[in-house]
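Trainee: model this:
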Amino acid sequence: MTRMFAILFTLLTLTIHPAATSAQDTPTSHRDSIRALLAQYDRDARFGKLREAIDTITTMESGKDISYAFLDLSIADGPPKNIVIAYMYAGYFASNNGEIDEGLAMSFKGLEVTDSLLNTSTPDSISLLNTKSTLLMNISSFLSSANDFDGSFEYIQQAQEVAEQTENYDNLIDIYYNIAIAYIEQELYESAIAYFKKDIDASLKLGRTNTSEQELTIQSLHIKNALKRHDTTAALSLIDQCNGNKGEIQKICDANGISNYCISMISSNIEAIELAPAHRRQYLQHCDDYLQILRKTIDSTNAKLLEKLAYNPYYASYLAVSGQPDKAWQLLKDTSNFIDKDGYEMALYEYYKAKKDYKNAYDCFWNIYSNKFKNHSLETAIHYEKSESRTAYEKRIHALQSKAHDRDQDFAEKKIISTIVSLGSLVLLTIGIAIIIASLHYLRMRNRHNVQLKQSTDKLIMANEELNLQHEEILCQTDEIQHQSSIIKAQRDDLGSTNQELMNSINIARDIQTAVMVTSEKLCEAVGENFIYWQPLNVVSGDFYWCAKIGRQSYLAVADCTGHGVPGALLSMYGISMLNDIVRRKAQSNAAEILESLKAAFIKSFAFDDEQYFLDGMDVALVIINRDSMTIDYAGAKRPLIIVRDGTLYEYKPDKISIGHNPMRKNETFTDHNIAIQNGDMVYAFSDGISDQFGHEDGITKFGSRQLQNILAEMSFFDLPAQKKIIESSVDNWRIGAFLAGLTEIKAPQLDDQLLIGIRI
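Mentor: Numbering: from 1, shown residues only. The predicted model follows:
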């Protein structure tokens, strides 16, 4: 490195904490130092040194400072082409430092200057077009980072057009590859294959003869395309062909390329086990071979994250398919925070299927394929869920039908002739009898008809007279009916208006209650990472939660008021108001003292006699979290507290006292629990709505506290959105159990408000 660069990088390190500037002024003074150093050179040498410095930077922050200094000098004293390159560098380093919008702004400015230079017919148009294609590629990458995938695809296509115009194969290799990946994400496999072939052609034109990664990827895409078309024969043939070419994998130079191909082939062989169960052992061996190659690649690169993202989920799938679901489940639990969603869902699907839990297996399969196989995902899921049992059933039926056919064939041939003769005789006899009966019936009916005709004529005359009288009565009744109808219509309109006003009032009450109860984001500010499962029985709820943060202490209450709907909601609003008032006045109180104050305020507010019972009230679990001392102060009025640590559940029992007036328990006090906590602990508080829900296959079994505790212990390893989804699906499946079993025609109704809050320490 030249002396100039030694001075330059010395400046980059020494000016991080300058004596005369603050931390906020550091980037400005840093660039000023770079400008002062570069001012020692003439213009051409200065720009050359800057370009050389950018190409040899050691950190992205250093690159950002140098590129911005380059941009300032280029704008002040530099040719237009240097300004384009300066904008390109500034955009690149800004984006890599997390400033996506700034990176896009710089890149678009560079693109604007490039287009203006190209419009002036500059002789250096080829170089400018190459720079333009690079700028368009950068913009596409930045938009993808901002999740604007449509915009990203639009600009990568523009980059392709410019690069093909100048035959810039260095850029085209990356462009073709990125477009192919975009088509794979849209499951347009034919288009992806076409662009991988273009990528191979561009590589060969640059003299890069090792195109094994692209060629093997094309083979795996042919498999995906056959599976998408449900062409089982073609899919199995392609899978067998690829399994016979494992030696080609070592020709791939990039560890990520080897990893991606092995993952694709593991998934394909698991698919093959479902499509051809007779060759199960063979495809399991191929899965094991690909896992060994993937394992060696990860070990050789020492990529621990790659192990958790690529190896573990697919190894778990292999364990489940090969009959070791418990080992698969343990591996999933150990690495659930690192596995991507699709890999986790696929391994969980194989685990449930191996345990013959088809309901949960179907749910996992739907999560994987609902956004992929858009027109036939349901058909495919049913095939995967039922294929083995249906195939065995069909084989048994076919065997029984064959035996029955052989046994009855001789007997049927012997009977057929006698049956035909007997049938002919019976038909002739039947026709003769029918003719005789029809003749006798005709004569009898004609005589009867004559008698009835005379009687009908007499009756018709009398009926006509009665009809005239009834007509007059009907006219009178019609007037009365019209009068009554107008009265009923007016009452109906009045009732509809009253009902609408009542529903409007209840909806407003719901909005008020929702506004008083904080959102999950606000709750996060008070108590940390959390999820809220809240299902009111009616529009408004008697279950409520409340939180506050005073100093370093976080307060949380989960309460269940007597009743539900409007009465319960009124008590919930009272409870929230009282808790806010008590905690403001008694911030240093422990949890038991706060509940005592809440009970006293409740009794005082409703002015009870000493011997008067009042059934309405509320059950409360109150916790005070102190993250400085890593403790929880808990007191409970009939509502427990659950803490799960490393899969072990600890239950803290509440006192059997409600917040209400009971003369028999007026001298009993609440117990205060001081609990030590650790990072990673899960804290749960809840009402009794979930445990009291009826359902299951008989429709009359309660969900129960024990089942709820088991679910909390098992799901504590998952992230919080997944835990909320598990609670929702568990309660819903419990309610519809009898309906799914065909024992009832309707789903079991929700019986009470339901509330559960989980907090990650």
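
Trainee: got the contact list for residue 740?
Mentor: Residue 740 is in contact with residue 697, counting by CB atoms under 8 Å, 6 or more residues apart in numbering. C-beta: built from backbone N, CA, C; applies to glycine.

Trainee: With residue 557 instead?
Mentor: 545, 546, 547, 575, 579, 620, 621, 622, 623.

Trainee: Let's verify it: helix, strand, or coil?
Mentor: strand (DSSP: H, G, I helix; E, B strand; the rest coil).

Trainee: Can you name the residues bridging to it?
Mentor: Applying DSSP bridges to residue 557 gives these bridge partners: residue 546, residue 622.

Trainee: can you tell me how far it sits from residue 591?
Mentor: 9 Å (CB to CB, to the nearest Å).

Trainee: Give me the common contacts of the two.
Mentor: 622, 623.

Trainee: Can you get me a residue count around the spatially closest residue to residue 621 that is not a sequence neighbour?
Mentor: Once flanking residues are discounted, residue 621 sits nearest to residue 639: 3.8 Å by CB to CB, 6 or more residues apart in numbering. Residue 639 has 22 neighbours, counted by other CB atoms under 10 Å.

Trainee: go on, residue 515?
Mentor: Counted with other CB under 10 Å, residues neighbouring residue 515 total 9.

Trainee: list the contacts for it?
Mentor: Neighbours of residue 515 in contact, by CB under 8 Å, 6+ apart: none.

Trainee: On the pLDDT front, check residue 409 for me.
Mentor: What the model reports as pLDDT for residue 409 is 64.

Trainee: could you pull out the strands for the protein?
Mentor: Counting by DSSP state E, the segments of the chain that form strands are 530-535, 543-550, 553-561, 614-626, 631-637, 641-645, 648-652, 659-661, 673-676, 682-686, 694-695, 701-702, 754-760.

Trainee: send the alpha carbons of the third one over as CSV?
Mentor: Right, strand 553-561. Backbone C-alpha positions of strand 553-561 (Å, rounded to 0.1, in the frame of the first residue of the first chain) are rendered in CSV as follows:
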residue,chain,number,x,y,z
GLN,A,553,-41.5,-1.2,37.7
SER,A,554,-44.1,-2.6,35.2
TYR,A,555,-47.6,-3.4,36.4
LEU,A,556,-49.9,-5.9,34.7
ALA,A,557,-53.4,-7.1,35.7
VAL,A,558,-55.5,-9.8,34.0
ALA,A,559,-59.1,-9.7,35.3
ASP,A,560,-62.4,-11.7,34.8
CYS,A,561,-65.5,-9.7,35.8
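
Trainee: tilt between it and strand 754-760?
Mentor: 160 degrees (axes from the mean of the first three to the mean of the last three CA atoms, to 10 degrees).

Trainee: can you tell me the average pLDDT over strand 553-561?
Mentor: Computed over strand 553-561, the average pLDDT equals 94.

Trainee: Just send the strands of the chain back as CSV, with distance to residue 160 too.
Mentor: Output for the strands of the chain, formatted as CSV (distance: least, CB to CB, whole Å):
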stretch, distance to residue 160
strand 530-535, 44
strand 543-550, 54
strand 553-561, 54
strand 614-626, 55
strand 631-637, 59
strand 641-645, 53
strand 648-652, 57
strand 659-661, 69
strand 673-676, 61
strand 682-686, 50
strand 694-695, 57
strand 701-702, 62
strand 754-760, 46
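
Trainee: about what we covered before: out of the contacts of residue 557, which one sits closest to residue 312?
Mentor: Nearest to residue 312 among the contacts of residue 557 is residue 623, at 35.2 Å by CB to CB.

Trainee: Would you agree that closest one is in contact with residue 683?
Mentor: Yes: between residue 623 and residue 683 there is a contact at 7.0 Å, judged by CB atoms under 8 Å.

Trainee: coming back round to it: can you pull the contacts of the residue nearest to residue 621?
Mentor: So residue 639 contacts 558, 559, 560, 619, 620, 621, 654, 685, 686, 687, 688 (CB under 8 Å, 6+ apart).

Trainee: of the contacts of residue 557, buried ones?
Mentor: Among the contacts of residue 557, those buried by neighbour count (16 or more other CB atoms under 10 Å) are 545, 546, 547, 575, 579, 620, 621, 622, 623.

Trainee: Quick one: closest of the strands of the chain to residue 208.
Mentor: Between the strands of the chain, strand 754-760 lies closest to residue 208; by CB to CB that is 48.7 Å.

Trainee: So which elements touch the closest one?
Mentor: strand 530-535, strand 543-550, strand 553-561, strand 682-686, helix 720-735 (3 or more CB pairs under 8 Å, 6 or more residues apart in numbering; DSSP states H and E).

Trainee: Of these, which is nearest residue 168?
Mentor: Using CB to CB, the nearest of the helices and strands packed on strand 754-760 to residue 168 is helix 720-735, at 44.5 Å.

Trainee: buried residues in the closest one?
Mentor: Buried, per 16+ other CB under 10 Å, within helix 720-735: 720, 723, 724, 726, 727, 730, 731, 734, 735.

Trainee: Tell me the one of the residues you listed nearest residue 152?
Mentor: The closest of the buried residues of helix 720-735 to residue 152 turns out to be residue 720 (CB to CB; 30.3 Å).

Trainee: Surely the closest one touches residue 529?
Mentor: Yes: if you go by CB under 8 Å, residue 720 and residue 529 touch, sitting 6.1 Å apart.

Trainee: got any residues that touch both of the two?
Mentor: Common neighbours of residue 720 and residue 529 (criterion: CB under 8 Å, 6+ apart): residue 760.

Trainee: Spatially nearest residue to residue 64, not counting backbone neighbours?
Mentor: residue 93 (4.0 Å).

Trainee: measure that neighbour to residue 99 for me?
Mentor: In this view, residue 93 and residue 99 are 9 Å apart by CB to CB.

Trainee: Repeat that for residue 623.
Mentor: As judged by CB to CB, residue 623 and residue 99 stand 41 Å apart.

Trainee: same check, this time on residue 656
Mentor: According to CB to CB, residue 656 stands 59 Å off from residue 99.

Trainee: sorry, back to before: and residue 93 and residue 99? which has more neighbours close in?
Mentor: The neighbour count for residue 93 versus residue 99, taken as other CB under 10 Å, is higher for residue 93 (25 against 16).

Trainee: Find the pair from the contacts of residue 557 with maximum spatial separation.
Mentor: Spatial extent of the contacts of residue 557 (CB to CB) is set by the pair 575 and 623 at 15.6 Å.

Trainee: Low-confidence ranges, the stretch 201-350 of the chain, go.
Mentor: 302-310, 332-350 (pLDDT under 70).
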